[in-house]
Structures are given as structure tokens and as C-alpha cells.
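> coords please:
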Amino acid sequence: MRVNEAGERLMGDQPGVSGDLVRTLLGILRQRLGLDTAWLSSFQDGTQTIEVLDGDAESLGLTTGKRMPLSETYCVRVIDGRLPNIVPDTLANETTAALAVTQKAGMAAYVGAPVTGHTGAAGMVCLVSGEPKPYLGEEDLKLVKQVAELIGTLIETPGHRSDSVDRRHLIRRVVAESDFEVVFQAVHDVTDGKVVGVEALSRFHCEPFRPDAFFEQAAQMGLGIELEMAIVRRVLALMPQLPPDVFVAINVSPAAAMAAPWSELLQDVDPARIVLEITEHDAVQNYAALDDALEACRTHGVRVAADDVGAGFASFSHVLELAPEFVKIDHSIIRHIDVDDARRRLAHAIADFAGQIGAMVIAEGVETQSELDAVNAAGISWAQGFFLSRPKSHEHGFPAALATAEPVDPIDAPVDLLGERRFELALAHSPIGMAVVGLDGSFLRTNRALRAMLGYSRRAMSQMTFQDITHPDDLDLDLSLVNECLDGRRRSYRIDKRYIAADGSVVWCALTAVLVHAPRDQPRCFVSQIVDVTADRVREAELARRATTDPLTAIANRSAAWTRLEQLDADGAGYGVLFCDIERFKSVNDRHGHHAGDRLLVEVADRLHAAVQPFDLVARWGGDEFLIVTPRTDARMLDCLADQIVATVEGSPIPLAGGVEEPVVLTVGVAAHRAGDDRSIDDVLDLADHAVVEQRRRRPRVRRRLGVSRRRD
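Sure thing, here's the model as predicted:
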């Protein structure tokens, strides 16, 4: 992105969008959001350059062409997710409050949206204010993003053309020189671990490294099929070096399957060992053409697998069209199948469907023993995944079956009851926290994932029990479930519980514990799977808070007030309500705009909060109406509270944008429910509302400032 001294942006040698046009767009944004300054910046070589400015730039020390390290800006933190796009109050945000630029430039509110070019974020549209703007919301951000997107469509970042050429050359070199590695992951029989087949997987040694990203870039450049064919040829060339009694699965896209010269490719191999895995991530536009291509392969003995079933386009209709010999259930379905009933049901459905069309089912991405057990319970005979074996080069060979440990004396070594190869792999490599726990609660063995989750060393955990690190409020439930297992009333249990981490923090986890028995059905130990669900708990708490919070004023909303009234009513001790209404609020909106009205509401809410006690609830009832719910019912005390509220709210004019100040006049209606008066919540609210109406009716027609007159029930 480049803007010359005249403000004219250039795309190569051709003029593009005018700096005046960008400045006009920034001005519209600034006025619409009620902010002081707006600018467009560009990014290059770790530096931010101000390209176009609008508004009060002098107070921020900004000028067109000014450069600053990108690392010191809000922009880079918005792009990488450390900051939200909207910061209504920079001092209230821990990140922005600590940045030097916040104090230096006097930025109190910020909105920013990246300008995206061909290669990512090319710059930023930013708007700031010297005062906090609590009203800023998603609608404001949406408008900023639309302008940033418009600018992004008109820019071309330097180096884009050469980057594209370099990437194309890179992909072509990988294809021409076959500069990739092929590894094989075994497919196992679920019942005995025997290797029945292998899947060929490609690995790349240059950017973007990840196979899916590499294939995506190749496809975008029209080189996807060439790359797939190079991999197919390599796999076929390696087949003689693979075990002769296993099938070899090769991933091909529908487009590659239709374009490949199969007659030539299959000449020097045993086609009966080949399984073509047709990915489901790509929509098939012409099943008839694909069927013709696959039929030509099938005449040579090649078999077909529907890959990634459950993750792409129209799973069951896709399988019907392919009529495959194998159905591979995608890892997204298998993951957590042991604890997710919906996934179990879907896997059952796919397995049943495959059985009806005569296809063998393979589960992909098995990562734990529990998942393997659930796969077996679903009637799925074959599986693959890191728990069973990791991808390896053909040079390392494949065992006929997974090795199992020698039998041991269960009395001398109870943990070795779990010494199978599968469990060892699960414990070592599982991304889920796992532990073998003694009947007394001691940690006999723990895996790295669990220790990293809780912050303890292996030695530290070996010297502790689960009771030592369980939150006191959750311990009784956990122990009662353990005792039910030991008493024979259950074999396993699952709960959400809190652990105390090494640093003293609380970690919410989903615990699944299974009791393992020795011969003669004697309980020996527990195997526990522990998943960190802290983020889910925090998200749930935030959603619950939002459900009871007014988004503008950040105080309780109508729903929260009604809940409090119901609680007090159920207690039977009585309560009081004060209905507070802002007089002539509409005139503020009419004269100064809705942003000014929002600012006034926020300030009134803050003053109401300051006037009451912690046990009182201040809620926005709707529009310009507020409700205070208090456990106090004495008439004199309610009068005093009303006086305090009016004095605090009306004590001084409320400052609005642009140096404008607006006085506030509040009308307060008071009512109470006392024990034994049989009034319902609606009755009390109606009395308070009528008190407000009565005050207005009796009020002189002309008065400069309204105090408070109350009518008690």
C-alpha cells in the first residue's frame, strides 16, 4: 500500500483510489462513531506508516507519513488476537492501559479493523477518542470493517506478484523433483491389533509445511492434480517394499481420480492391494464422470474408500454415489466418541449404513483406549490413529500386530494390569490428561498432558493424592462416587470438578474415572481421563453475566431485577422498589444525538450505583427508566434512600461530547411489599409506577428543575 505526497495511492504504475476519497470515508466513520481522530495506516517490514488522516491529529502527535514500530501499536495486537477490535475504555483494558502509546497519545477509546490485501493484513483503519466511549458496539465495528474491506479491495501490497511467482516456482520444483516424503500409517484390526493395511501420507520440507496447506496452495495455482499424481507415482513405486499382505490406501481428490492415467499407473503393481481414498472435503460436480474413472480402476481390482465421512459434503449421498468397499469415519467424529453420546450415535449410524451396502468401516484418528473401546462397541472392526501407531517410513517396517506385555503378578504390580502396548501409547502420547490412581487416591502414574495442565512435576504428583489437589467444595462428591465404585454399585463415573494447580489457580476439569479389577474381580486401581474445561466454564459464566447485564450501562437488566424480586418475594420478609424515570430524555437525543443520550444513561446508571448500598440492586428497566430493588421496607428509610438518589443524580450536570453539559431531572416513585400485605410483585411495581405518574400530574407546568416528590403506598 503506497500513498504519495499528493495523497494519490498507486497500484504499480496505475493510479488507484484517491487519498481524498479515503479521507472522506474516514471522516464519515469518525462522525458516525462520535470519535475524534481517524487514520489509515500501512504495514511493511515491521513498521506502521500513517497514510491518510482525518480529525484531531495534532493532539495525538500524528502526521501523514509518520512511521512507528508496529510492535508498539494497538494494531498488531488486534491482528494477533491480544486485543479486541473495540476498546471502549483503554484504561479499563489491562493490555492497553500498560502500553506507552496510550498515555503518550492520550487515547481513551479505540476502534480498529485490518485492511486485507492479497497476502494478509496490509494496514489498518483506526479511530480513537480522548474520552472513553462505552456505547461503542458491534454495529460500529461492522461499519468500520466494511470501510476497511472496501479499501482492501483497491490495494495491492508490494511484492505480491513476486511472492506468487516464487510460490509457483516452489510448488513446481516440489512436483518436478518429487521433493517430498511419503510415510505410512497402519490400519489395525480392533480386536487383536493386527495390521491389515497402511495409508500413504505426504510430508513436505518447505513452506507452508502442513500437507493440507501445501495442497491448498497447489490447487489455487492450478498445480493440485500434478502434485497428487507425483505422490501417487511415488507410493506405487514404494509398494514392493511394503508388507505383501496389507492393502495400500492412497488419497486422491475427485478431480485427480478423473484425470489420472490409471491404465499406465497400474501396469507394474498389484492393483488388488490398492485402495483409492476419495476425499469428501471437495464437492463432486459430476458423479457420472467420477464413476466412469473409478470403474476403470475397479476392473483391474482396485478398491475404493469414501474418506473423511462425516466431515464434508453430503456424507450419505456421497457414499451412495461412490458405492465404496471401505467407509472411513472422519477423526472429528471419532474424537471424544467415548464421552459424547451424539458422536457415538453418529458413528453407529454410519457403521450400520456401511454394513447395509456391504462396506468395511475404518475409524480414523483414534487417540485413546476409551475411544478405541467405543469404536469397537459401535461395531467398527478396523481403526487407525496415533494411539495405535504413528506414521512411519516404509524403511522401518510394520509389525504383524501390536505387542502386548508379558503377564505379571497382579498382587505385586497392580498397575501392570494395564501394561498393554495400547495403554502405554495412550498414557505417553494422549493430549488428554491421564492418570492411574490407587484405591487410596495416590497418583501411581501420570502423563505429561496432565502434569502440564496442573503445573506439577512427575515427582510432586507421585507424592500426592487426588484429595490433596481437589477443590474442597468438590471433594465430598468425588469421594462418594469413588466409594460407590468400591462398593460395587458402579464401575465408572464422570463429573466436572475443580483441581488446585501448582500455582494456586483453579482448573475446571471433566473427570472420567474407570475402576480396574484384578483377577477374582478385586478392585485394584482407577484409570482417570482429565480434560481441561476451564475455558468452557469461563465462557458459560460470561454468557450468564451477559444474560443478566444491560449492554449499554453494564448494570443489571430487567431480567436480573425480576429474578431478584422473585427471590425476595419467596423469602417472605418484604422488599422495597424505587422506580426512577429521567425527565425530558427524548430532548437530549433530539438536540445532541443518540450517542449523547447513551452517554447520559451510562452516567445516570453510575450515579445510581453510587447512591445505594451493596445489598441494593440497580437495574435498567427499559429506555430511560431504572429500578432499584432493596430489602428495606420502612417508609422513612425508603424516603431517605430516594432523597440520596435524587441528590446524587441531580447534583451536577452530566458532561457530553464536545464540552456540552446536560442537567438531569429525576422522578422517583416508591412502593413496598411488607410481610402479610398479600401484594404481588406486579402490584408493587404498579404502585411505584402510579406514584411516578401522580407526581407528573401534580407538577407545575413550568419549572426549571424538578426535585423529588414521592407518593408512598
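> state the mean pLDDT of stretch 448-456.
With pLDDT averaged residue by residue, stretch 448-456 scores 89.
> contacts only, for Leu35.
Each residue near Leu35 by CB atoms under 8 Å, 6 or more residues apart in numbering is listed here: Leu29, Gly55, Ala109, Val111, Leu127, Val128, Ser129, Lys133. (Glycine included, C-beta is placed from N, CA and C.)
> could you list which of those belong to strands?
Gly55, Ala109, Val111, Leu127, Val128, Ser129 (DSSP state E).
> can you add distance to Gly623 and neighbour count and give these back as a markdown table?
Compiled in a markdown table, the ones in strands among the contacts of Leu35 are given as follows (distance: CB to CB, whole Å; neighbours: other CB atoms under 10 Å):
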| residue | distance to Gly623 | neighbour count |
| --- | --- | --- |
| Gly55 | 32 | 22 |
| Ala109 | 25 | 25 |
| Val111 | 26 | 28 |
| Leu127 | 28 | 27 |
| Val128 | 30 | 28 |
| Ser129 | 26 | 24 |
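> go through those and say which is closest to Glu216.
Nearest to Glu216 among the ones in strands among the contacts of Leu35, counting by CB to CB, is Val111 at 32.4 Å.
> Ala311 touches Ser332, doesn't it?
Yes - at 5.3 Å, Ala311 and Ser332 qualify as touching, with contact defined as CB atoms under 8 Å.
> between these two, which has more neighbouring residues?
Shown here are Ala311 and Ser332; by other CB atoms under 10 Å, Ala311 has more neighbours (16 against 13).
> which residue packs closest to the more buried one, ignoring adjacent ones?
If the residues on either side of it in the chain are set aside, Ala311 comes closest to Asp330, at 3.8 Å by CB to CB, 6 or more residues apart in numbering.
> tell me how many other residues crowd that neighbour.
Asp330: 20 neighbours (other CB under 10 Å).
> repeat that for the one 10 residues further on.
Burial measure for Asp340: 14 neighbouring residues, criterion other CB under 10 Å.
> how close does it sit to Thr534?
19 Å (CB to CB, to the nearest Å).
> Met464 too?
20 Å.
> please apply the same query to Glu58.
Using CB to CB, Glu58 is found at 46 Å from Thr534.
> just want to know which of the two has more residues nearby.
Counted by other CB under 10 Å, Glu58 and Thr534 do not tie: Thr534 has more neighbours, with 16 against 10.
> what bridges to the nearest residue in space to the more buried one that is not next to it in sequence?
In this structure, Thr534 finds its nearest non-sequential neighbour in Trp508, 4.5 Å apart by CB to CB, 6+ apart. Counting by DSSP bridges, Trp508 is bridged to Arg498.
> what is the burial count for Trp508?
19.
> state the pLDDT value of it.
Reading off the model, Trp508 has pLDDT 93.
> look up how far Arg698 lies from it.
Distance from Trp508 to Arg698, by CB to CB: 56 Å.
> kindly report the same for Pro551.
For Pro551 relative to Arg698 (CB to CB), the value is 36 Å.
> what's the answer for Gly574, then?
For Gly574, the distance to Arg698 - CB to CB - is 28 Å.
> these two: which is more packed in?
Using other CB under 10 Å as the criterion, Gly574 and Arg698 rank with Gly574 on top: 19 against 9.
> next up, the contacts around the more buried one.
Leu568, Pro631, Thr633, Ala672, His673, Arg674, Ala675.
> just the ones of the residues you listed in helices?
Leu568 (DSSP state H).
> are any of the contacts of Gly574 buried, and if so which?
The neighbour-count test (16 or more other CB atoms under 10 Å) marks Leu568, Thr633, Ala672, His673 as buried among these.
> done for today, thanks.
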